[in-house]
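# Got a sequence here, can you build the structure:
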Amino acid sequence: MNIQVYFPEPTPPRSVPQNLFSTLDIEIDSLLDATKARERFSVDGSGLAVAVLDTGLRVTHKCFRGRVLEPHNFLLDPEGNSDDVEDTNGHGTNVAGIIAAGTSDERRGIAPRANIIPLKVIPAADIEPIFEALRWVYNNTERFNITVVNFSFGIPSINHIDDHLASRDFPELSRLLDMLLEKRVAVVVGAGNDYWQDQKEGMTIPAIFRQVISVGAVYDTSFGSRSYRDGAIANSTHADQITPYSQRLSKYTSPDCYTDVFSAGGQATSAGAGDDDDTSIREGTSQASPTVAGTILLLQQYYLRMKGVRPTISLLQDILRATSKWITDGDDEDDNVIHTNKKYPRINAFQSLSALHKAIQLGNV
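Next up is the predicted model:
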């Protein structure tokens, strides 16, 4: 089976003047209220680990210093015995930084004290490295206190509206996701960047699996017009506008399997793989997914402190959606794609922590 499991961001990485970095970071934080959430509830991801299945990691980067636990390369060695996770693409380093970069500058991650486990699985000719990496996560969950897995990739040009076909075609993937669900490990996945292909609701694999928390992308501010190599065009951009490439599936269309939440993915400043102090800016559902992964780490840390156990994945999904701002696809978008005119939830980290705190105080969870 010759499957290309990596979908690239919709535009090539671009250099941005240094004086724009802080502006981009402020806009993302303003949309998600991440700093406010960390400060009010004294959470930063400490003691928890995220497994980042991606193109590898610049493990020596200052953003991750002292928090990279056990790298594994499942491309060089199917058993993951190689620890060479050099990131020649830069995608994995950018994604990991969005989740957990520990610097105090514009690259600061959502959960800046969480530990990082880079598992190199893409780009791959088939899906076997992903299976092996997920088995490794399952077997090492307790050893490293892994509470989140981030998938910022998927099988391109696939647009499912339910997970029955996906489960039939990939039964082993479904089984592994079930196993992680039982251990209360949240698997967070980008919904996909291929909406332009047929402009119908749906998501890629593995985002379509109902065991995961799937994430679509919105812009976090105005970037002017944006053109993408797949043909999608945003004539203008603004906060909470769904990006024209982001795949999406409403609960109204598919009640049992839908895009759980949307988040900022329309430009993300993060760590770069070029050197140990490099900065990169990328966009896509690949960048929206790690903002949600980081937010989940904050929720898990608070719940563990208060209750002594991990929260269920269903509780996390419910909290994220219940505290989201609901946005309509087609009310004020200015692009060249067909709009669904459906509503989708966009997360707010502070509101989610506040709701979780209240539920715990009232004894409702």
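
# what about the helices in the chain?
Along the chain, counting by DSSP state H, helices occupy 18-32, 34-41, 91-100, 128-144, 164-169, 171-182, 195-198, 285-307, 313-322, 349-361.

# residue contacts, residue 244?
Counting by Cβ atoms under 8 Å, 6 or more residues apart in numbering, residue 244 touches 195, 196, 228, 232, 233, 234, 333, 335, 336, 337. (Each C-beta comes from the backbone N, C-alpha and C, glycine too.)

# which among these end up buried?
With burial judged by 16 or more other Cβ atoms under 10 Å, the buried subset of those is 195, 196, 228, 232, 234, 333, 335, 337.

# With residue 217 as the reference, measure out to the closest residue in space to the third one that isn't next to it in sequence.
The one in question is residue 228. Using Cβ to Cβ, 6 or more residues apart in numbering and skipping residues adjacent in sequence, the residue nearest residue 228 is residue 10, 4.0 Å away. Using Cβ to Cβ, to the nearest Å, residue 10 is found at 9 Å from residue 217.

# Same drill for the two, tell me which one is more crowded.
Comparing residue 10 with residue 217 by neighbour count (other Cβ atoms under 10 Å), the higher total belongs to residue 217, at 33 against 28.

# which residues touch that one?
Residue 217 makes contact with 190-191, 242-243, 245-246, 262-266, 283-285, 287-288 under the criterion Cβ under 8 Å, 6+ apart.

# picking up where we left off before, and the pLDDT for the residue nearest to residue 228?
Listed pLDDT for residue 10 reads 73.

# That one contacts residue 232, doesn't it?
Yes - judged on Cβ atoms under 8 Å, residue 10 makes contact with residue 232 at a distance of 6.8 Å.

# Need the residues touching each of these two.
By Cβ under 8 Å, 6+ apart, the residues touching both residue 10 and residue 232 are residue 245.

# Quickly list what residue 49 is bridged to.
Taking DSSP bridges as the rule, residue 49 bridges to residue 115, residue 146.

# Now do it against residue 110, distance only.
From residue 49 to residue 110 the distance is 15 Å (Cβ to Cβ).

# More neighbours: these two, which one.
Neighbour count, other Cβ under 10 Å: between residue 49 and residue 110, residue 110 has more, with 29 against 24.

# can you tell me which residues contact the more buried one?
Contacts of residue 110 (Cβ under 8 Å, 6+ apart): 32, 34, 45, 98-100, 290-291, 293-295, 297-298, 349.

# I'm done for today, thanks for sticking with me.
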